[in-house]
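S.K.: based on what follows, work out the 3D shape:
(chains A, B, C and D)
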Protein chains: 2
Amino acid sequence: MPSESDFDLQQFLPYLLNQAAEQASLGFQTLYKTRYGMLRTEWRVLFHLGRYGEMTAKALCDRGRLHKTKVSRAVAKLEGRRFLQRRTVPQDRRAEVLALTAAGRAAYADLHAQAQVFDRQLTAGLSPAQDQALRQALVILAKL
Amino acid sequence: MPSESDFDLQQFLPYLLNQAAEQASLGFQTLYKTRYGMLRTEWRVLFHLGRYGEMTAKALCDRGRLHKTKVSRAVAKLEGRRFLQRRTVPQDRRAEVLALTAAGRAAYADLHAQAQVFDRQLTAGLSPAQDQALRQALVILAKL
DNA sequence: CCTTGTTAGTTACATTTTCAACTATTATCC
DNA sequence: GGATAATAGTTGAAAATGTAACTAACAAGG
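M.R.: The predicted structure follows:
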């Protein structure tokens, strides 16, 4: 029988995941925030476009599991800051293909490099085996 | 030299953690939302008080890594729904000790039991070794 | 073609979160 | 003791998020 005292909040996986995620996001967040005035969604949009090439907002939503309103606003902001451009395609005039500008690619390259450094710092306290096990489990849980 | 193509967004730990955390929170969230009309912070306050006994808002902030405004509002809401009571202590009239009511304890017992079930479902796709490794790594990353 | 349904994306509004300022009380230290 | 700082908690305004409704364009079936 499950008692009330053998279940620690720190044993509850959603809680543990959130704490770890928050802690992990903290440092990098300040980076793209202070350096480029970006929000998390903007950073993700930038990353997706930088990493996987130009695509529509819909594709971004699917790939990044982002809600379309978030993407819509992030794209508007990135466009305002000249990090990306929209291009309507004749085949479907509802959709707009999003592509990074030179400034956008530069920001991506910078943040991308920082992300790799940051990632290594994060896992510095973990053994390689722990690191690998962690990522494997996370991929399963995230259903990626 | 770090190239631009060997670093996937899904390899970036903060991203991976966030995806997993979001996915993991989803199911349980609907539970305390629909059943008790609670927000995440309220659920956490309830859990902390239920699990660790009565304490001040400050203690809650420290233990749960919550911001004091969040706690203040969550406590007000839980008090309004008669899930907890405040008690001023003569030693320090700034602080208020928070204690669950019978209704609060009942809600905690219910959600607590559900949480255990939910936790097991979550990790059903993981081997016991994977599960253990994951939690260990998360505790390190969360700096708990 | 033309009604109906679907999809891409935006906008408006309510809810939540964040940040800064505020009150009231206690601690510090000259 | 009395000024100053620090702490517990609240509140208001701004920013961000979520939800739903909306526009515009395409698709499909009759």
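S.K.: can you give me the buried ones in the helix or strand containing residue A:19?
M.R.: Taking DSSP states H and E as the definition, residue A:19 sits inside helix A:13-36. For helix A:13-36, the buried set under the neighbour-count rule, 16 or more other Cβ atoms under 10 Å in any protein chain shown, comprises A:13-25, A:28-29, A:31-32, A:36. Where C-beta positions appear, they are placed from N, C-alpha and C, glycine not excepted.
S.K.: stretch A:81-94 too?
M.R.: Across stretch A:81-94, burial judged by 16+ other Cβ under 10 Å covers A:81, A:83, A:84.
S.K.: am I right that residue A:82 is in contact with residue A:103?
M.R.: Yes. Counting by Cβ atoms under 8 Å, residue A:103 is a contact partner of residue A:82 at 5.5 Å.
S.K.: assign the one residue in chain A that gets nearest to DNA strand D to helix, strand or coil.
M.R.: Residue nearest to DNA strand D within chain A (Cβ to the nearest atom of the strand): residue A:93, separated by 3.5 Å. For residue A:93, the reduced secondary structure class is strand; criterion used: DSSP: H, G, I helix; E, B strand; the rest coil.
S.K.: so who does it touch?
M.R.: By Cβ atoms under 8 Å, 6 or more residues apart in numbering or on different chains, no residues touch residue A:93.
S.K.: in which helix or strand would I find the residue lying closest to residue A:28 once chain neighbours are set aside?
M.R.: In space, residue A:28 comes closest to residue A:118 once its chain neighbours are excluded; the distance is 5.1 Å by Cβ to Cβ, 6 or more residues apart in numbering or on different chains. Residue A:118 is part of helix A:102-122, with elements assigned from DSSP H and E.
S.K.: quickly find the element holding residue A:97.
M.R.: In the assignment (DSSP H and E), residue A:97 maps to strand A:92-100.
S.K.: now do the residue of chain A closest to DNA strand D, the pLDDT please.
M.R.: What the model reports as pLDDT for residue A:93 is 94.
S.K.: with residue A:10 instead?
M.R.: Predicted confidence (pLDDT) at residue A:10: the value is 71.
S.K.: that one is in contact with residue B:138, isn't it?
M.R.: No. Counting by Cβ under 8 Å, residue B:138 is not a contact partner of residue A:10; they are 9.1 Å apart.
S.K.: so where is chain A shaky, pLDDT-wise?
M.R.: Residue ranges of chain A with pLDDT under 70: A:1-7, A:9.
S.K.: centroid residue for it?
M.R.: The centroid of chain A falls nearest to residue A:44 when counting by Cα atoms, centre = their mean (4.0 Å).
S.K.: what sits against residue A:103?
M.R.: A:81, A:82, A:83.
S.K.: before we move on, what SS does the second one have?
M.R.: In other words, residue A:82. What three-state DSSP gives for residue A:82 is coil.
S.K.: residues touching it, list them.
M.R.: Applying Cβ under 8 Å, 6+ apart, the residues contacting residue A:82 are A:101, A:103, A:104.
S.K.: next, give phi and psi for it.
M.R.: phi 60, psi 30 (degrees, to the nearest 10).
S.K.: and for the first one?
M.R.: The main-chain torsion angles of residue A:81 are listed as degrees, to the nearest 10 and equal phi -90, psi 10.
S.K.: do the last one as well
M.R.: Main-chain dihedrals, residue A:83, degrees, to the nearest 10: phi -90, psi -20.
S.K.: how many residues are close by the closest residue to it other than its chain neighbours?
M.R.: Counting by Cβ to Cβ, 6+ apart, residue A:104 is the residue found nearest to residue A:83 once chain neighbours are left out, at 3.7 Å. By other Cβ atoms under 10 Å in any protein chain shown, the residues close to residue A:104 number 22.
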